[in-house]
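Enquirer: predicted model and sequence below, questions to follow.
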Amino acid sequence: MKPLGPIPAGYEAVDGVLAVGGRPVTHWAEQAGATPLFLYSADHVRRRVAELRGAMPERLGLHYAVKANPFPPLLALMASLVDGFDIASGGELEIVRSSGMALGDVSFAGPGKRDSELEAAIRAGVTLNLESEGEAVRALAIAERVGIAPRLAIRVNPEFDLKGSGMKMGGGAKPFGIDAERVPALARTIAASGAEWQGFHIFAGSQALDAEAIAETQQQAIALAARLADDSGLALPRCNLGGGIGIPYFSGDVPVNLALVGERLAGEFGKLPDVLQSTHFCIELGRYLVGEAGIYLTRIVDRKISHGEVFLVTDGGLHHQLAASGNFGTVVRRNYPSAIATRFGGAAQEEATIVGCLCTPLDKLADKGGFPHAEPGDLVAVFCAGAYGASASPAMFLGQGPAAEMLV
């Protein structure tokens with residue numbers, strides 16, 4: 001048998017059935033009317049935010065990265081829990097307008113912003129994290145045309161990356177941000193233009209489980225921010241230190257030592273240079289806040305044997321859970337945490353491969369894992385489905401369409 005990823009803490013069984021929000025998942029599937037279904041636990045999100053705030057220095061702001069999961073009811077919950085949102089498109093800007101988050105507490109990063117997106121952000125009072133000098137020129141020209149002083153920050157491409165991160169966003173040639181040595185000159189240009197100078201966005205990587213590496217990267221980001229602020233001759237109103245904190249997906253993964261990260265960051269804040277004494281620092285997290293709060297439920301529609309191997313065929317698949325299928329940038333496919341939700345906690349009785357309903361061998365949710373004996377009608381749960389699931393998967397592949405979503 002191949003190992004399954006670790007099921008996140010906080011999930012229990014009610015009469016042998018996986019429960020979310022105090023109710024068995026069979027109840028929620030009935031309420032939804034059909035499977036597949038994404039279930040998001042509001043209590044899990046609240047606990048995660050509280051744990052994070054308890055571990056981090058009080059002066060550190062917390063932003064939610066909307067790209068992780070833009071489900072509107074979830075955004076409304078997050079708006080009541082965090083200090084700001086980070087978006088990556090004009091489409092996300094439209095989604096967050098009704099979330100309850102003040103648009104002045106929203107920042108917009110991402111290369112390739114269209115002029116229409118820049119204008120919408122400027123009109124809304126959203127902070128633009130500029131990714132190039134060319135983008136700065138376009139933003140300033142649009143601002144002059146519409147007669148609004150834009151809120152502008154610079155996304156810095158640092159010389160370092162986040163060691164052990166799943167996605168490296170800094171260090172070397174990157175499409176993200178402006179190389180550090182060119183930042184001071186652009187900062188002075190922005191300040192001289194009459195724009196509202198907002199500071200730096202320094203994002204070195206994501207999905208790291210090594211607390212030492214995360215702490216070291218935050219230390220480097222603070223040192224870089226101080227150097228660039230000095231070189232630009234400008235006060236630094238804000239500094240977004242990026243994200244980076246990951247969650248366990250695979251066998252052998254362990255959660256980040258959050259206390260260590262918080263202690264080290266508090267130490268850095270305790271010795272800030274004069275140029276950063278009044279800077280408002282924040283981090284932006286998506287996956288860490290909502291990833292473990294979500295499960296993907298899909299129903300077994302067929303049980304078949306092929307050359308002695310058991311296949312449990314479901315009504316879901318990679319069109320909703322591209323990452324769990326191993327087709328979202330994973331070099332070597334490994335099993336996400338998964339279980340037979342209607343036999344939750346039962347002992348493994350057989351080796352089975354859980355597949356979806358698509359006509360492709362890539363559509364595999366669990367490969368030769370150990371599960372209780374399951375039959376058609378049973379529900380399968382794929383965990384860690386709260387981030388980069390519904391909105392990051394090709395829902396329209398083969399005309400399947402999106403899954404239902406519920407916040408409970």
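Expert: Yes, it's here.
Enquirer: have a look at the chain and report its longest strand.
Expert: strand 294-306 (DSSP state E).
Enquirer: list the buried residues for that strand?
Expert: Gly294, Ile295, Tyr296, Leu297, Thr298, Arg299, Ile300, Arg303 (16 or more other C-beta atoms under 10 Å). Any C-beta I mention is one placed from the backbone N, CA and C, and that applies to glycine too.
Enquirer: so which elements touch it?
Expert: Using 3 or more C-beta pairs under 8 Å, 6 or more residues apart in numbering; DSSP states H and E, the elements in contact with strand 294-306 are helix 25-32, strand 37-40, strand 309-314, strand 379-382.
Enquirer: what comes into contact with the third one?
Expert: Under the criterion C-beta atoms under 8 Å, 6 or more residues apart in numbering, residues 36, 298-305, 350-357, 365, 368, 371, 374, 380 lie in contact with strand 309-314.
Enquirer: go on, stretch 26-43?
Expert: Contacts with stretch 26-43, where a contact means C-beta under 8 Å, 6+ apart, come from 10, 17, 20-21, 25, 69, 71, 74, 77, 290, 293-299, 314-316, 320, 342, 379, 385-386, 389-390, 403-408.
Enquirer: relative to Ala153, how far out is Gly308?
Expert: 59 Å (C-beta to C-beta, to the nearest Å).
Enquirer: also Lys2?
Expert: Counting by C-beta to C-beta, the separation of Lys2 from Ala153 is 45 Å.
Enquirer: so for these two, which sits in the more crowded spot?
Expert: Between Lys2 and Ala153, counting by other C-beta atoms under 10 Å, Ala153 is the more crowded of the two (26 against 14).
Enquirer: identify the residue nearest that one in space, chain neighbours excluded?
Expert: Among residues not flanking Ala153 along the chain, Gln198 sits closest, at 3.9 Å (C-beta to C-beta, 6 or more residues apart in numbering).
Enquirer: phi, psi of that neighbour?
Expert: phi -110, psi -20 (degrees, to the nearest 10).
Enquirer: what do you get for Asp230?
Expert: Main-chain dihedrals, Asp230, degrees, to the nearest 10: phi -60, psi -50.
Enquirer: count the neighbours of it for me.
Expert: Asp230: 15 surrounding residues under other C-beta under 10 Å.
Enquirer: list the contacts of the residue lying closest to it once chain neighbours are set aside.
Expert: Closest residue in space to Asp230, ignoring its immediate chain neighbours: Val275 at 5.6 Å, by C-beta to C-beta, 6+ apart. Going by C-beta under 8 Å, 6+ apart, Val275 touches Ala226, Ala229, Asp230, Ala235, Leu236.
Enquirer: SS state for the second one?
Expert: This means Ala229. With DSSP: H, G, I helix; E, B strand; the rest coil as the basis, Ala229 sits in helix.
Enquirer: show the pLDDT at it.
Expert: Listed pLDDT for Ala229 reads 97.
Enquirer: what's the closest non-adjacent residue to it?
Expert: In space, and not counting its chain neighbours, Ala229 is closest to Leu236: 4.2 Å by C-beta to C-beta, 6+ apart.
Enquirer: what do you get for Gly294?
Expert: Spatial nearest neighbour of Gly294, excluding adjacent residues (C-beta to C-beta, 6+ apart): Gly386 at 2.5 Å.
Enquirer: shouldn't that neighbour be within a strand?
Expert: No. Gly386 is assigned coil when assessed by three-state DSSP, not a strand.
Enquirer: just the buried members of the contacts of stretch 26-43?
Expert: Here, 16+ other C-beta under 10 Å leaves 17, 20-21, 25, 69, 71, 74, 77, 290, 293-299, 314-316, 320, 342, 379, 385-386, 389-390, 403-408 buried among the contacts of stretch 26-43.
Enquirer: and this protein, what are its domains?
Expert: 12-40+292-407, 70-285 (automatic domain parsing).
Enquirer: which one of the ones you listed lies nearest to Arg46?
Expert: Ranking the domains of the chain by proximity to Arg46 (C-beta to C-beta) places domain 70-285 first, at 6.8 Å.
Enquirer: may I see the buried residues of stretch 272-282?
Expert: Going by neighbour count (16+ other C-beta under 10 Å), the buried part of stretch 272-282 is Leu272, Val275, Leu276, Thr279, Phe281, Cys282.
Enquirer: what's the helix or strand for the last one?
Expert: This means Cys282. Assigned by DSSP states H and E, Cys282 belongs to strand 280-285.
Enquirer: for that strand, packing partners?
Expert: Other elements packing on strand 280-285 under the criterion 3+ C-beta pairs under 8 Å, 6+ apart are strand 61-65, strand 238-240.
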